[in-house]
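Peer 1: Have a look; sequence and predicted model below, questions after that.
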Amino acid sequence: MRTSSKVLASTLVLFAALAAHAADAPSLKGKWTGTINNAKGEPVQVQMTVTDATHGILRLGQSGGYVTRDECLDRDIPVVVTAQSASELTVDIKGDSVLKGCINESATLKIIDAKTVQSTLKDGRTMTLNRK
């Protein structure tokens with residue numbers, strides 16, 4: 001068997017194993033909402049829509065009557081699902097692809113129950129999202 005055939009076969013086996021594992025994990029597809037405080041301590045609405053097993057959109061908005069001039073608000077920020085298990089979902093938030101300076105980090109969302117996920121960002125802020 002040639003090297004390229006071996007690589008292709010190995011890749012197919014890996015994808016099959018990942019697909020089988022993902023089938024055991026709960027579906028997180030759909031809309032999730034919550035709030036998080038920004039760096040200034042002001043509440044920000046968070047809406048994350050998981051569109052399929054590997055992609056989603058994060059949208060941040062003003063919350064609780066706070067008026068802020070954050071240019072990252074009200075923009076669709078791509079989210080890439082990098083891993084999912086029965087207990088957590090790991091995503092890369094790609095804010096810089098929309099506007100330089102927007103949130104750009106990885107987050108691991110712990111699955112609390114079928115309607116709740118929770119994450120702690122690198123700077124210590126906690127975000128809880130509920131299925132809408």
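Peer 2: Arrived safely. Residues are numbered from 1 along each chain as shown.

Peer 1: State whether Asp96 is indeed within a helix.
Peer 2: Yes: counting by DSSP: H, G, I helix; E, B strand; the rest coil, one finds Asp96 located in a helix.

Peer 1: Grab the nearest non-local neighbour of the spatially most central residue of the chain.
Peer 2: The centre of the chain sits closest to Val91, judged by Cα atoms, centre = their mean, with a distance of 4.1 Å. Nearest non-adjacent residue to Val91, counting by Cβ to Cβ, 6 or more residues apart in numbering: Val79, 4.9 Å away. (C-beta placed from N, C-alpha, C; glycine too.)

Peer 1: For that neighbour, give me its contacts.
Peer 2: For Val79, the contact set (Cβ atoms under 8 Å, 6 or more residues apart in numbering) comprises Met48, Val50, His55, Gly56, Ile57, Leu58, Val91, Asp92, Ile93, Lys94.

Peer 1: again, 10 Å this time
Peer 2: Contacts for Val79 (Cβ atoms under 10 Å, 6 or more residues apart in numbering) come out as 48-51, 54-58, 89, 91-95, 107.

Peer 1: Met127 too?
Peer 2: 32, 34-37, 44, 46, 48, 107, 109, 117-121.

Peer 1: thinking again about what came up before, if the residue nearest to the centre of the chain is in a bridge, with which residues?
Peer 2: Taking DSSP bridges, one obtains Val81, Ala107 as the residues bridged to Val91.

Peer 1: Any figure for the gap between it and Gly41?
Peer 2: Using Cβ to Cβ, to the nearest Å, Val91 is found at 24 Å from Gly41.
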